[in-house]
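Student: Pasting the sequence and the predicted model now:
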Amino acid sequence: AADKGHYEVIRVLASYGADLGKVNTQGNTSLHIAALKGHGQICKFLAQRGCPSTLKNNEGKLARIIAKENEHKEAMKECKKAEKTEAKGRGSKPGTEPWAIRLYDWVLEHQEKIVDLFYKFDVERDNGSRSGKLSKDNLMTCLLTLSAPLDNEVLKKVIDAHDPNKTDAIDYSIFLTGKKYVNKLYLVGAVKIGKKKKKGGGKKGRRKKGKTKVPLPICTAPAGPRTKNGGPPSQYIERCVPFTDETRFDRDNPPLHPIQDDSAWYLHSPDPTYVNLSDAVKFGDQESIKVAVNNGTPVNQRDKYYKTPLMIACLYGKIEVARSLLDMGADLKSRDNFFWTPLHHACHCGQLDIVKLLLDHGADIDNQAINGGTPLMRAIESSKEAVVSYLISKGAKVQVENKKGHTALDIAKAYADPRVIAVVQKRWDEIPPPVDKNKKKGKKGGGSSKKRTVKSAGEKKINTPVSVEGDKQETNDGNDLPPLLQKSSVLRAASALGIVSEQHRSIAFTPHKAWIPQATTEDLLRERETRRLRYGYEIDFPEYKPPFQKNVHTRVTELEKQES
């Protein structure tokens, strides 16, 4: 049936409890065969009814791989969905349990018998109409009479789900549709056989949700050429891997001096591995970054999105990496594809120590991005009161507008954090009213120009020429002295005769492989403690969200609660 594409036959077999996951002599299931022939909707039905999608045949191929090799896109898509569902666990969502699907298939196949039996309990009225409802006991009797494939307890739960108000009147037309106990994706209406509807139907001009066009294209840099000797592009650096005898030395037991670690003389050196410079900054691999910069990699090397290593360090809160990059000469005025500076990324991250570090090194506090956003606006969006207060204390302007005409106060009110609103509102109230420059010029007249002329005249008087006679006398006194004769020396005479060699031989020893400094176990534990103090205890959990994402997620959750 799967080979010929007979969907109705497969549905009848499923209603009678057939095992759809049987394997033939080649190791193929019915899902493999349907994928081979390109029957996408049959693949969907089989996967929903328990046919394993992660089972390989004798050739070691999944059903998805077979569909891909034969260029059946629809079948490949359904097999891929089935693999994800199987990985999450079948029956984890309500309405996807095997018993619910089994009951639905049985009801769909025996629908005529079930309706005839229902009509015996729902007698016609005088006008020929029926009520369309049955009591719980009558519905249970009908299903047990027809030998429904469920236990009495499960069947009772299904019937109770159709009577939430406990009126003892169940609409059996809803029971026949299966909407109360089966997920909508498993209904027969969701599995359509035949031609698909053309896209763009319905009212003209109507668009799908979430398919809006991006008004600003994202600019990305092309992959650079390979470096000399066939190396990877310049944004990839060689990773420094600890190379030592692990049975003798480790991070808690390092060698006392370079000569003690002679592992390089009897161990094979590992093959070079390369890592993206941005990833090295993200994970704090300072040793690889230092070696790469010393070997000629630019400290302001940009990645695919035109971000420099300093921007990545500020974005992920790596203060030690940011400090070392600044010592190497990283540019504070560099901008990415959205014209964000490192200070924008630091404020977006919400780490006060990095913001202080950048401002101490001379970062521009009012730099505007491509949309006119300032670092203060980024800090407000991240809902970081300490960063906002520090920026304002350092002179950040709250009256600067972005491209939409919004000031920092407007953004603070939009993100609705009362602590941040109070700080920005206080600074906004302290701004003096603008002064009319025309009135000020009319009152004072040209008094300022007179002061300038007097000052310039004074400067001319001060800069009088100094006599040079004293200098001439000093130089003449030095020239009149007789030249000093060089004293004779036994060593100089011996060197002239070739007796003594002035070339000193170096006794310095260069080890074959240097020990890479590693953090000890105590240092790693201290670093984790520092991370918790900086980011909070949630940093150690996979559900951790950065300040901006956390702020947006909180707001969206509150809005959903209000709507519900």
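Tutor: Great, that's in hand.
Student: what about Val321, how many neighbours?
Tutor: 23 (other C-beta atoms under 10 Å). C-betas here are computed from N, CA, C, even on glycine.
Student: Would you check that it makes contact with Ser278?
Tutor: No. Under the criterion of C-beta atoms under 8 Å, Val321 is not in contact with Ser278, lying 11.3 Å apart.
Student: Next, show the common contact partners of these two.
Tutor: Pro309 (C-beta atoms under 8 Å, 6 or more residues apart in numbering).
Student: Backbone dihedrals for Pro164, both of them.
Tutor: phi -70, psi -30 (degrees, to the nearest 10).
Student: oh, I was asking about Asn253
Tutor: phi -130, psi 70.
Student: Tell me the confidence at it?
Tutor: Per-residue pLDDT puts Asn253 at 86.
Student: number of nearby residues for it?
Tutor: Residues near Asn253, counting by other C-beta under 10 Å: 9.
Student: which one is Ser234 nearest to, not counting chain neighbours?
Tutor: Gly224 (5.5 Å; C-beta to C-beta, 6 or more residues apart in numbering).
Student: Give me the distance between the two termini of stretch 228-245.
Tutor: Taking C-alpha to C-alpha, to the nearest Å, stretch 228-245 runs 32 Å from one end to the other.
Student: Buried residues of the helix or strand containing Ala292, list them for me.
Tutor: Secondary structure assignment for Ala292, by DSSP states H and E: helix 286-294. Within helix 286-294, the residues scored as buried using 16 or more other C-beta atoms under 10 Å are Gln286, Glu287, Ser288, Ile289, Val291, Ala292, Val293.
Student: want to try JSON lines for those, with pLDDT and distance to Pro342 as columns?
Tutor: Formatted as JSON lines, the buried residues of helix 286-294 follow (pLDDT from 0 to 100; distance: C-beta to C-beta, whole Å):
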{"residue": "Gln286", "pLDDT": "90", "distance to Pro342": "17"}
{"residue": "Glu287", "pLDDT": "90", "distance to Pro342": "22"}
{"residue": "Ser288", "pLDDT": "91", "distance to Pro342": "20"}
{"residue": "Ile289", "pLDDT": "93", "distance to Pro342": "16"}
{"residue": "Val291", "pLDDT": "90", "distance to Pro342": "23"}
{"residue": "Ala292", "pLDDT": "92", "distance to Pro342": "19"}
{"residue": "Val293", "pLDDT": "92", "distance to Pro342": "17"}
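Student: closest to Asn183 among these?
Tutor: Set against Asn183, the nearest of the buried residues of helix 286-294 by C-beta to C-beta is Ser288 (49.4 Å).
Student: which intervals of this structure have sub-threshold pLDDT?
Tutor: 89-96, 126-128, 184-217, 434-503, 564 (pLDDT under 70).
Student: Kindly state the domain boundaries assigned to it.
Tutor: The chain breaks down by the TED database into domains covering 2-87, 98-190, 234-331.
Student: Distance to Ser383 added to those domains, as a markdown table?
Tutor: Listed next are these as a markdown table, based on distance: least, C-beta to C-beta, whole Å:
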| stretch | distance to Ser383 |
| --- | --- |
| domain 2-87 | 34 |
| domain 98-190 | 38 |
| domain 234-331 | 16 |
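Student: which one of these is the most hemmed in?
Tutor: domain 2-87 (a mean of 19; mean count of other C-beta atoms under 10 Å).
Student: residue ranges for the strands of the stretch 201-350 of the chain, please.
Tutor: For the stretch 201-350 of the chain, applying DSSP state E, counting those that start in this stretch gives strands covering 236-238, 274-276.
Student: In the protein, what residue spans correspond to strands?
Tutor: Counting by DSSP state E, one finds strands in the chain at the ranges 133-134, 170-171, 236-238, 274-276.
Student: Need those strands in TSV (columns: distance to Asp160).
Tutor: Shown next, in TSV, are these (distance: least, C-beta to C-beta, whole Å):
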stretch	distance to Asp160
strand 133-134	14
strand 170-171	10
strand 236-238	62
strand 274-276	57
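Student: what's the closest of the ones you listed to Lys81?
Tutor: Closest among the strands of the chain, using C-beta to C-beta: strand 274-276, at 31.7 Å.
Student: wait, Ser389 sits on Val423?
Tutor: Yes. Between Ser389 and Val423 a contact is recorded at 5.4 Å, counting by C-beta under 8 Å.
Student: Indicate which one of the domains of the chain is closest to Glu527.
Tutor: Judging these by C-beta to C-beta, what sits closest to Glu527 is domain 234-331, at 9.0 Å.
Student: Now find how far off-centre that closest one is within its chain.
Tutor: Here domain 234-331 shows a centroid-to-chain-centroid distance of 22 Å under the convention C-alpha atoms, centre = their mean, to the nearest Å.
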